[in-house]
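K.L.:
just coords:
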Ligand code: PMP
Ligand code: GLN
């Protein structure tokens with residue numbers, strides 16, 4: 001295990017044994033520890049501003065926080081039903097109807113999970129196993145690679161193509177086979193910040209139909225888009241019956257530590273995922289579920305306000321990154337801005353990311369860790385910066401990053 005030199009490539013996937021004997025699965029075949037933990041750890045050691053791990057530095061709406069407190073004080077402290085509290089399942093169904101016109105049965109077509117992370121894990125484990133293939137676009141959110149590895153299925157990929165980071169659908173079709181049981185879609189996309197076009201999503205559905213694959217779509221950033229329409233895959237013709245849609249309270253309501261996520265989809269698929277979930281965690285944080293139900297019912301001004309505030313932060317950080325000498329890809333959704341460090345003469349962004357906290361007191365995530373080998377080569381000079389931070393914090397980060405050119 002290369003803990004002394006984490007940037008050295010490991011075997012592509014499978015279990016890696018540490019010197020201490022503990023098993024660690026490398027999500028992308030590169031790192032033995034979760035990248036967010038590693039970079040957040042480096043940021044703490046060097047007192048750096050952490051624009052690596054994507055979590056807000058301000059609390060979400062008081063109505064949610066007060067509700068969770070009241071729920072705890074009121075004795076909501078034992079197991080919730082495995083499917084989730086009825087009040088939350090009803091709020092999730094109402095949210096799908098209100099924003100997307102999707103009629104979802106709260107009894108049979110909704111399940112609450114411990115964050116989107118658990119919904120993703122349970123979905124992949126429910127539908128894929130040894131001998132199967134699971135396709136993701138690349139770069140891919142780290143937990144997809146780890147869970148596909150744990151499931152025993154083979155992980156196939158198709159690239160996202162810049163500058164808009166849209167899926168390469170020719171490559172996707174070429175990567176599909178009769179063994180492809182699941183297509184994982186992530187839209188808006190972490191890490192690339194892209195929002196997929198309707199045409200691309202429709203074609204993904206056609207391809208899934210042709211190969212008989214299930215679509216697992218991770219839409220945790222559904223409300224964090226900037227002038228781009230969020231189109232849930234499940235709303236597209238032919239999609240509903242083969243699609244599991246995943247979201248989470250963490251991003252929309254700035255409560256990433258609560259770990260309340262959910263999935264919606266046809267009863268047969270929801271049941272299969274829920275069965276796996278019941279053996280992963282059985283049920284999810286009871287007092288938070290009621291609070292999230294209240295949040296989902298907040299008015300449209302709340303939702304548009306969250307996106308507008310975040311868009312402003314995106315612009316503050318983007319301007320600063322440009323001034324610091326990076327090429328900036330302006331995201332249309334998520335918490336994240338991708339930059340190319342090549343104009344600063346940097347060809348190894350993973351190495352730079354590990355030096356950046358000490359060098360200038362700012363932390364970022366290298367994009368290559370969200371890739372297999374070919375993708376890692378293509379994204380070698382890219383970094384991801386999170387902008388879900390106070391404007392004063394972003395301004396300070398930008399000042400520090402301006403020093404980078406002279407310190408390289
Ligand atoms: N999917 C994506 C694309 C994410 O960015 C994240 C976390 N930021 C998650 C899933 C995990 O969500 P949760 O914290 O609700 O488990
Ligand atoms: N999803 C967040 C990110 O991409 C962090 C999640 C985590 O720490 N596992 O930064």
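P.N.:
Ah, there it is. Owing to the predicted nature of the structure, the values given are computational and were not obtained by experimental measurement. Ligands and ions are numbered 1, 2, ... in the order given.

K.L.:
is stretch 145-160 positioned near ligand 2?
P.N.:
No. Residues of stretch 145-160 are not located near ligand 2 by C-beta under 6 Å from any ligand atom, the shortest gap being 10.4 Å. Where C-beta positions appear, they are placed from N, C-alpha and C, glycine not excepted.

K.L.:
got the buried residues for that stretch?
P.N.:
Of all the residues in stretch 145-160, those buried under the rule 16 or more other C-beta atoms under 10 Å are 145-149, 151, 153-160.

K.L.:
and stretch 332-346, by the same measure?
P.N.:
Using 16+ other C-beta under 10 Å as the test for burial, stretch 332-346 gives 332-341, 344, 346.

K.L.:
can you list the residues of the stretch 101-250 of the chain near ligand 1?
P.N.:
Proximity of the stretch 101-250 of the chain to ligand 1 (C-beta under 6 Å from any ligand atom) is limited to residues 115-117, 141, 186, 190, 218, 220, 248, 250.

K.L.:
just checking, which of those belong to helices?
P.N.:
Within these, residues falling in helices by DSSP state H are 115-117, 250.

K.L.:
any chance of the residues you listed in a markdown table with distance to ligand 2, pLDDT and neighbour count as columns?
P.N.:
As requested, those are exported to a markdown table (distance: C-beta to the nearest ligand atom, whole Å; pLDDT from 0 to 100; neighbours: other C-beta atoms under 10 Å):
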| residue | distance to ligand 2 | pLDDT | neighbour count |
| --- | --- | --- | --- |
| 115 | 9 | 98 | 24 |
| 116 | 9 | 98 | 25 |
| 117 | 7 | 98 | 20 |
| 250 | 8 | 98 | 23 |
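
K.L.:
pull the residues that contact stretch 193-212.
P.N.:
The contact list for stretch 193-212, computed with C-beta atoms under 8 Å, 6 or more residues apart in numbering, reads 160, 164-167, 169, 172-173, 176-178, 180, 183, 185, 187-189, 213-215, 225, 228-231, 233, 236-239, 242, 329-334, 336-338.

K.L.:
what do you get for stretch 152-161?
P.N.:
Stretch 152-161 is contacted from outside by 13, 124, 128-140, 144-145, 148-149, 166-169, 171-172, 174-176, 179-182, 189, 192, 194, 372, 375, 378, using C-beta under 8 Å, 6+ apart.

K.L.:
now stretch 266-281
P.N.:
Contact partners of stretch 266-281, identified using C-beta under 8 Å, 6+ apart, comprise 82-83, 105, 108-111, 113-114, 118-119, 121-123, 125-127, 214, 240-244, 263-265.

K.L.:
could you do stretch 248-257 as well?
P.N.:
Identification of contacts with stretch 248-257 by C-beta under 8 Å, 6+ apart yields 54-56, 58-61, 64, 115-116, 119, 220-224, 258-262, 288, 292, 295, 303, 306, 335, 388.

K.L.:
buried stuff in it?
P.N.:
Applying 16+ other C-beta under 10 Å to stretch 248-257 flags 248-256 as buried.
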